[in-house]
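> coords please:
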Amino acid sequence: MLWLLLLQVLASCLWLGHSEVVTSFESCPQFFYEETTPNDALKPNNPARICQRYNNKYHFATLYDRDSRIPIYSAYIYQPGNSSKPQAWLIEPQLIGSTYSGDMEKEKDFVKKYPQLIEELEQSQAVLEDYKKMAKYTRGHLNPSSHHNTYGTKLPTFTLTNIVPQNPKFNNGPWNEYEGQMMKDESEGCTTTYVITGAVPGKPHTPGERVNIPSHIWSAACCPAESKAWGVIAENNSESQVTILTLKEVEDTLTNLYGKGKVSLFHSACPRQ
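As a prediction, the model looks like this:
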């Protein structure tokens, strides 16, 4: 019986040290309308659900694909503003293990503290070196800093767990237009706008590639008080254009692309048509 008691004590200790990478988004449900997350049709084989925390405050939520080393989606509330744009890039120590901080921090700061953990860090997530090697792609935010109104709320969007390799012409052209003017136009008059923006993983890695290059980038939004919803989806290439779609059109397209069953992004109160 002694070994059983010791096992129970160990389990309790592990639970007390549990980080913000959890089996559900119970620590940060406020970023999903009616606390309803997208269904499992988007879930990768090796997921990490991250309540994105900085300075001990939650800022958004991310479903991260540990195998592809990209986020599948980030969920947040749209609150745009014109404060200065951060220049730092952050990583998630918690993805290495539950004994490390649930607060994101600069990669160089973490490596300085834990030089012996460089391999574990690289195994757990994408790092800056990965993107330096992908000269043909930009670091594309799923949750963009422009959709937040202060420096302190913009900075947490610069975690590499919120970034995917994005075609530069697409990212700086049509997608930038959607994130800016088109999103502003669509959300005009909304009391609260809930947003989920994601990436469809592309073809499997080739030898030597650590970070998946998404085939498509998508976003969907819901203004529940106004019974309004919309979305966009486009291929991640230089020829893509962005057109406003209904929520149903986005969900139907993602259902076909992911091939894991019917996709549902929001609570049923968000209109699909």
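> next, the most centrally placed residue in the chain: secondary structure please.
In the chain, the centroid-proximal residue (Cα atoms, centre = their mean) is S74; its distance is 3.0 Å. What DSSP: H, G, I helix; E, B strand; the rest coil gives for S74 is strand.
> distance of it relative to Y258?
Here the distance between S74 and Y258 works out to 17 Å (Cβ to Cβ, to the nearest Å). (C-beta placed from N, C-alpha, C; glycine too.)
> how close does the residue nearest to the centre of the chain sit to P115?
Where P115 is concerned, S74 sits at a distance of 30 Å (Cβ to Cβ).
> any idea whether K203 is helix, strand or coil?
Per three-state DSSP, the local secondary structure of K203 is coil.
> and the strands in the protein?
21-22, 47-54, 57-65, 70-77, 90-91, 105-106, 138-141, 163-166, 194-200, 216-223, 228-235 (DSSP state E).
> and those strands: which comes nearest N149?
strand 70-77 (10.8 Å; Cβ to Cβ).
> how far off strand 47-54 does the closest one point, in degrees?
Put simply, strand 70-77 runs at 50 degrees to strand 47-54, going by axes from the mean of the first three to the mean of the last three Cα atoms, to 10 degrees.
> thinking again about what came up before, make a markdown table from the strands of the chain and add mean pLDDT and distance to E129 to it.
Written out in a markdown table, the entries for the strands of the chain read as follows (pLDDT from 0 to 100; distance: least, Cβ to Cβ, whole Å):
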| stretch | mean pLDDT | distance to E129 |
| --- | --- | --- |
| strand 21-22 | 59 | 22 |
| strand 47-54 | 97 | 20 |
| strand 57-65 | 98 | 18 |
| strand 70-77 | 98 | 16 |
| strand 90-91 | 97 | 12 |
| strand 105-106 | 95 | 14 |
| strand 138-141 | 97 | 13 |
| strand 163-166 | 98 | 13 |
| strand 194-200 | 98 | 20 |
| strand 216-223 | 98 | 23 |
| strand 228-235 | 98 | 27 |
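> what would those look like in CSV with distance to K154?
Formatted as CSV, the entries for those read as follows, by distance: least, Cβ to Cβ, whole Å:
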stretch, distance to K154
strand 21-22, 23
strand 47-54, 11
strand 57-65, 9
strand 70-77, 12
strand 90-91, 12
strand 105-106, 15
strand 138-141, 10
strand 163-166, 14
strand 194-200, 15
strand 216-223, 18
strand 228-235, 22
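> quick one, which of those strands gets closest to E209.
strand 163-166 (10.0 Å).
> quick one: buried residues of the closest one?
Applying a neighbour-count criterion of 16 or more other Cβ atoms under 10 Å, the buried positions in strand 163-166 are I163, V164, P165, Q166.
> go on, stretch 151-162?
Neighbour-count burial for stretch 151-162, with 16+ other Cβ under 10 Å as criterion, is recorded at T153, K154, L155, P156, T157, F158, T159, L160, T161, N162.
> nearest to S215, of the residues you listed?
The nearest member of the buried residues of stretch 151-162 to S215, counting by Cβ to Cβ, is N162 at 18.7 Å.
> wait, what's in contact with that closest one?
With contact set as Cβ atoms under 8 Å, 6 or more residues apart in numbering, N162 has these partners: Q52, F60, T62, P71, S74, H141, L142, N143.
> same question for Y178.
Residues counted as contacts of Y178 (Cβ under 8 Å, 6+ apart) are S219, V232, V242.
> in this structure the second one contacts Q241, no?
In other words, V232. No - using Cβ atoms under 8 Å, V232 is not in contact with Q241, being 9.8 Å away.
> neighbour count winner among those two?
Set side by side, V232 and Q241 show more neighbours around V232, with 24 against 13, by other Cβ atoms under 10 Å.
> residue contacts, the more buried one?
With contact taken as Cβ under 8 Å, 6+ apart, V232 is in contact with Y178, M182, W218, S219, A220, V242, T243, I244, L245, V250.
> PyMOL command to pick out the buried ones of those?
Filtering the contacts of V232 down to the buried ones (16+ other Cβ under 10 Å) takes a single PyMOL command:
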select buried, resi 178+182+218+219+220+242+245+250
